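Undergrad: coords please:
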Amino acid sequence: ETQTTYAESSSSGCVWGEWLTFCIKYRDLPPDALLALEVWEVREGAGTPALLGGTTLSLFSRKGRLKTGPQRLKVWEGQPPCLATPSTTPGKLPLAQRGALGSLERAVRRYNRGEIP
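TA: The predicted structure follows:
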């Protein structure tokens, strides 16, 4: 279990910009390893923390490569992360469900990699 520091939210979402470090080696993880994330609201003076949502992220690609770099994930409001396969709280939606925003994000990634001018 790892906790991160407080992050300020805005209309465009939350950005932590913080590295997560775990005490396990990648080689010891199974190829279907998932990272489960929960987002909690904690207020000073409030009684108990409230779960805002959860998500899961597969740590390895279909080709078995470790996913690296910043990840943009969907957080499922009011739901804890589901560890079943397939997950009901995937951080990455299938391309068909992402719509126009998904197409734009894919084009930006390809541009950043130099695949398109």
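
Undergrad: how deep is the spatially closest residue to A50 that is not a sequence neighbour tucked in, by neighbour count?
TA: The spatially closest residue to A50, leaving aside those adjacent along the chain, is E41, at 4.7 Å (CB to CB, 6 or more residues apart in numbering). All C-beta atoms are positioned from the backbone trio N, CA, C, and that covers glycine. The number of residues packed around E41, counting by other CB atoms under 10 Å, is 11.

Undergrad: now P81
TA: Other residues close to P81 by other CB under 10 Å number 22.

Undergrad: before we move on, what about V108?
TA: By the measure other CB under 10 Å, the count of residues near V108 is 11.

Undergrad: Are we agreed that it is in a helix?
TA: Yes. Assessed with DSSP: H, G, I helix; E, B strand; the rest coil, V108 lies in a helix.

Undergrad: Any figure for the gap between it and R98?
TA: Distance of V108 to R98, computed by CB to CB, to the nearest Å: 13 Å.

Undergrad: what's the answer for P117, then?
TA: Note on P117: its distance to R98, by CB to CB, is 24 Å.

Undergrad: so how far is the helix or strand hosting A100 off the chain centroid?
TA: A100 is part of helix 95-112, with elements assigned from DSSP states H and E. Relative to the mean C-alpha coordinate of its chain, helix 95-112 is positioned 16 Å out (CA atoms, centre = their mean, to the nearest Å).

Undergrad: Can you name every helix or strand that it contacts?
TA: Using 3 or more CB pairs under 8 Å, 6 or more residues apart in numbering; DSSP states H and E as the contact test, no helix or strand touches helix 95-112.
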